[in-house]
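Enquirer: Here is the input, now give the coordinates:
(chains A and B)
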There are 2 protein chains.
Amino acid sequence: MDKKTFTVAGGGPVGSLLAILLARHGYRVGLYEGRPDSRVTSIYQGRSINIALSDRGWNSLQEIGVSSDAKSNAIPMYHRAVHGVDGELSTLPYGQDGDAIWSVSRGGINEQLLDIADSEANIKTHFEHRLIDVDFDAANAVFRVGGGAETKVEADYLFGADGANSKVRRLAHHLPRFSYSQTYMPQSYLELTIPANSDGSHKLEKNALHIWPRKDFMLIALPNPDGSFTCTLFLDHSGEPSFESLQERSSVEAFFKSNFGDAMELLENPVDVFMAKTATPLFLVQVFPWTFNRKVGLIGDAAHAIVPFYGQGMNCGFEDCAELNRLIRFYDHDWDAIFPAYEARRKPNGDAIAELSKRNFIEMSDLSGDRRFQLQKKIEAKFSKQFPALWTPLYSMVTFSPEVPYSQALRIGDEQNKVMQKIMALPGIEESWDEPFIMEQLFELASKALNN
Amino acid sequence: MDKKTFTVAGGGPVGSLLAILLARHGYRVGLYEGRPDSRVTSIYQGRSINIALSDRGWNSLQEIGVSSDAKSNAIPMYHRAVHGVDGELSTLPYGQDGDAIWSVSRGGINEQLLDIADSEANIKTHFEHRLIDVDFDAANAVFRVGGGAETKVEADYLFGADGANSKVRRLAHHLPRFSYSQTYMPQSYLELTIPANSDGSHKLEKNALHIWPRKDFMLIALPNPDGSFTCTLFLDHSGEPSFESLQERSSVEAFFKSNFGDAMELLENPVDVFMAKTATPLFLVQVFPWTFNRKVGLIGDAAHAIVPFYGQGMNCGFEDCAELNRLIRFYDHDWDAIFPAYEARRKPNGDAIAELSKRNFIEMSDLSGDRRFQLQKKIEAKFSKQFPALWTPLYSMVTFSPEVPYSQALRIGDEQNKVMQKIMALPGIEESWDEPFIMEQLFELASKALNN
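Expert: Next up, the predicted model:
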């Protein structure tokens, strides 16, 4: 094989992983990142952004041969620890015994992947190279180095792995027939911290994702290896209550006290942080096409910026890489075939996880809320346990069943929901839900709906 | 009332109408258009773009007091003249007797509205002023005059009425929380002409919209007062057949001959035009918000660029103006109330007509196609005639019922469709459709579905 060259714009987790897989296929790769190398200059400034990795992410890393390194610092979370308004704590498992989602440090996994990239002879990494322009016909790119001169980089192919605010994608805006949408969610978010105990242990149960679900808003906390928790408050941008309406120190304090009483004693200066920081808006981006002239492609958040409510963002980006890895083998390095096949196989799944993530805010923020909704979940869980081959709950399909594409999970989930609506419409379901005839009816409906 | 000032960016039909209504409320208006004044320099170069105006458009013009001028050159079209592949001609009325949509020249109506604007003491029109920048806090704008100097224009409020490619909207992109989507349709379009007979008469029936529906593509023709027809070919951008696949002169000729045999003898050099011109892509744009800081607003295509398949583009823009007109009265010139009310009332209707227009391609291009689809229309028409108070067909709601907002028409249309799906699922419907018990069943279903 001739050594074709690739430019990968973006040295985040997805860009690094993409560079590694391309290098291992024998390509020469230039990996370009606009920011400084965090391994040298610590750009994270103590901030620990953590994310959830689950089976899709791990399987993809494994397929490319780098999973063992990444898993060392990850913390398994086996269930949701749900904090009621009154401080009451309840537990909701994520799946069957042993199923877990994993809290990983975004910076940590990124640095591990960059270390691997640096050890590959075929990869040359370049930091502080800010992308200025892309020639979508020739796959050439222009970068500004540091604050100074521009440099032109030629390659046979280019991938934009440059995240939710992708410059490659913004440059593609001017191409003919480029469909684009950016949608802001009603919610914004703010990061808070629960520090470790003085002995380095966790102040809350370590192996859980903590949620304070308050229907229209919520607080969540993910564990870090150093004993701290990174917390995120999701709250409407405007309306009541909202980041906009909570302006006075006293009302912020009252808001925390009445809604997150138990957390307030653990959080590090939540009111100060709330008053000082600007909340970050949540948005999703969908585009088509994902590939241009069989020369340039988008991957990861650059192709599908989604909201974080399903914990699938990085999982989806890693899956993009694994799919590309398979297609390189399948089409034996014929990129005229690989680009369209990649786009055709991944775009529907990107759209599906975008939709699922958007919907999951309700699921998460209402965990201890609406009683009929909770009853529906309970009936579903019981049925799934009795007939696991017929019914895998949507959350499990998305999180623990990498063999089910996101698009298929969405479709099956919608069918399941229609079936459950019929069950929930049965008169007296609140009283009779645990009786055998309910399971029988569900079996009949589910067999009809899901077996074709 | 103090004389507040407005900048209106865009001197097309919607911008001109907006300027007129604002002036008549006592505001001072600067109307700015990037192109030269067509009344002086004839920028249309003999090209006659015509569009369909229907009741929403006329009612809105009437409300603002300018309808009589505009209707003088309009040609009523009472039905669709459907041309089969074999040249067979059939007729499908648009509504009840007398209901018509009107073919008007876009340039003509624009010039009539500009003449009225020029006659208003409160309006100053400026041509060859290209918008460069907008200050969304202060409603100030910068224009480039001709090819030369920039000029800054201050005003109390600013409206972007600058069309589907709105510069005001593109500048708004950088505002926080601006949701945006642009979606390309599979189809592109190309304009063709059927010239007048030598005596100035029309070569095809004058008072009809002519359609050559071929399912995946179609040709349409709208009459002009000078005896010609402006025709539009809608065809996929890529695939088979498509603008991309039809590259050879011989295959273009074969395409026209086999699909538009009867039209080919009337069209002016269709093959030459097809070979020489580049097809124009069709796209739709949806955004939110439509108003910024209670200082700047979007209106017409700038707020909602839609596809032309329902003939509602200009109607919707004029309706935006009429709504604004009502709100100025209702809120007695309080623009802090008018901006949010305008956005809240028009955005759902802009979204609805976008969706309806997208869907209507199938409706139009399949007019002589799918037999079951035609049967469904026939049953619906019969029922609507028997029970007009219970059932107005969707097309009539959109086109002839300005009192029904687009969003309501869409909602009712979806309910109607569900009812019709049940009727079409009745065994033997192909044979029994004309029997009384079908109307009875439809009555029962419709009463239940539509009366709440």
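Enquirer: distance of the nearest residue to residue A:384 once chain neighbours are set aside from chain B?
Expert: Using C-beta to C-beta, 6 or more residues apart in numbering or on different chains and skipping residues adjacent in sequence, the residue nearest residue A:384 is residue A:391, 4.6 Å away. (Glycine included, C-beta is placed from N, CA and C.) For residue A:391, the distance to chain B equals 28 Å [C-beta to the nearest C-beta, to the nearest Å].
Enquirer: Tell me who's in contact with residue A:391.
Expert: The contact partners of residue A:391, taken as C-beta atoms under 8 Å, 6 or more residues apart in numbering or on different chains, are A:380, A:383-384, A:416, A:446, A:450.
Enquirer: Residue A:27 now?
Expert: Listed by C-beta under 8 Å, 6+ apart, the contact partners of residue A:27 are A:3-6, A:122.
Enquirer: Which helix or which strand is home to the residue in the stretch 201-350 of chain A positioned nearest to chain B?
Expert: Nearest residue of the stretch 201-350 of chain A to chain B (C-beta to the nearest C-beta) works out as residue A:281 at 5.6 Å. Element membership of residue A:281, judged by DSSP states H and E, is strand A:280-288.
Enquirer: quick check: mean pLDDT across that strand?
Expert: Across strand A:280-288, the average pLDDT comes to 95.
Enquirer: Tell me the residues of chain A that contact chain B?
Expert: Residues of chain A found near chain B, taking C-beta under 8 Å from any C-beta of the partner chain as the criterion, are A:176-184, A:237, A:281, A:283.
Enquirer: What is the nearest of those residues to chain B?
Expert: Of the residues of chain A next to chain B, the one sitting nearest to chain B (C-beta to the nearest C-beta) turns out to be residue A:181, at 3.3 Å.
Enquirer: what bridges to the closest one?
Expert: Beta-bridge partners recorded for residue A:181 (DSSP bridges): residue A:286, residue B:181.
Enquirer: in terms of contact, does residue A:335 touch residue A:293 like I think?
Expert: No - here residue A:335 lies out of contact with residue A:293, judged by C-beta atoms under 8 Å, at a distance of 10.8 Å.
Enquirer: Which one's more surrounded, these two?
Expert: Shown here are residue A:335 and residue A:293; by other C-beta atoms under 10 Å in any protein chain shown, residue A:335 has more neighbours (19 against 13).
Enquirer: What's the per-residue pLDDT of the more buried one here?
Expert: pLDDT, residue A:335: 97.
Enquirer: measure it to residue B:168 for me?
Expert: In this view, residue A:335 and residue B:168 are 41 Å apart by C-beta to C-beta, to the nearest Å.
Enquirer: go on, residue A:438?
Expert: Distance from residue A:438 to residue B:168, by C-beta to C-beta: 57 Å.
Enquirer: Same check on residue A:252?
Expert: 37 Å.
Enquirer: In terms of neighbours, single out the busier of these two.
Expert: residue B:168 (26 against 19).
Enquirer: Can you tell me, leaving aside adjacent residues, what's nearest to that one?
Expert: Residue B:168 sits nearest to residue B:160 (C-beta to C-beta, 6+ apart), 2.7 Å away.
Enquirer: Confirm for me that that neighbour is in contact with residue B:9.
Expert: Yes - when contacts are counted by C-beta under 8 Å, residue B:160 is listed as touching residue B:9 (5.2 Å).
Enquirer: Overlap in contacts, these two.
Expert: Shared contacts of residue B:160 and residue B:9 (C-beta under 8 Å, 6+ apart): B:134, B:167-168.
Enquirer: For stretch A:249-257, output the C-alpha coordinates as PDB.
Expert: Extracted C-alpha coordinates of stretch A:249-257, given in PDB (Å, rounded to 0.1, in the frame of the first residue of the first chain):
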ATOM      1  CA  ARG A 249     -27.600  36.200  46.400                       C
ATOM      2  CA  SER A 250     -30.400  35.500  48.800                       C
ATOM      3  CA  SER A 251     -32.600  33.900  46.300                       C
ATOM      4  CA  VAL A 252     -29.800  31.700  45.000                       C
ATOM      5  CA  GLU A 253     -29.100  30.600  48.600                       C
ATOM      6  CA  ALA A 254     -32.800  29.900  49.100                       C
ATOM      7  CA  PHE A 255     -32.900  28.000  45.800                       C
ATOM      8  CA  PHE A 256     -30.100  25.700  46.800                       C
ATOM      9  CA  LYS A 257     -31.400  25.200  50.400                       C
END
